[in-house]
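Undergrad: what's the 3D shape of this:
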Amino acid sequence: MIMMYGTDLCPDCVAAKKALEENGIEYKYINITESLGSMKQFLKLRDTRDEFKNIRGGGSIGIPALVVSPTELTLDWEGYISSKK
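TA: Sure thing, here's the model as predicted:
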């Protein structure tokens with residue numbers, strides 16, 4: 001099962017959740033605005049993973065973020081869903 005970091009305040013996160021559900025992809029949703037612990041977990045990923053390099057440099061947040069495995073993370077949720085069809 002994948003993990004998705006996001007927030008219900010983010011239109012892309014809402015769209016990603018809906019698309020994952022519509023395509024029958026099981027996921028665990030981690031709302032980064034729900035608790036300080038969730039935010040810290042996400043920020044650790046964002047600040048250390050290469051996948052977020054352009055995000056950090058551009059001042060963006062980097063959500064939704066899908067953690068596919070301990071070694072695989074993607075910010076391209078649409079591409080991930082397309083690859084599972």
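Undergrad: rest of the way, CA atoms for contacts and neighbours
TA: Fine.
Undergrad: bridging residues for the one residue sitting closest to the centre of the chain?
TA: Closest to where the C-alpha atoms of the chain average out (CA atoms, centre = their mean) is A65, at 1.6 Å. Going by DSSP bridges, A65 is paired in beta bridges with Y5.
Undergrad: I figured it hits E78, correct?
TA: No - A65 lies out of contact with E78 (CA atoms under 8 Å); the separation is 11.1 Å.
Undergrad: helices or strands next to the helix or strand where A15 lies in the packing?
TA: Applying DSSP states H and E as the criterion places A15 in helix 11-22. In terms of contacts (3 or more CA pairs under 8 Å, 6 or more residues apart in numbering; DSSP states H and E), helix 11-22 is packed against helix 77-83.
Undergrad: Flag the shaky bits of the chain, pLDDT-wise.
TA: Regions of the chain meeting the criterion pLDDT under 70 are absent.
Undergrad: repeat that for 90
TA: 56-60, 84-85 (pLDDT under 90).
Undergrad: following the helix holding A15, which helix or strand shows up next?
TA: Later in the chain than helix 11-22, the nearest helix or strand by DSSP H and E is strand 27-31.
Undergrad: Can you get me a residue count around I30?
TA: 19 (other CA atoms under 10 Å).
Undergrad: ok, and the closest non-adjacent residue to it?
TA: The spatially closest residue to I30, leaving aside those adjacent along the chain, is Y5, at 4.9 Å (CA to CA, 6 or more residues apart in numbering).
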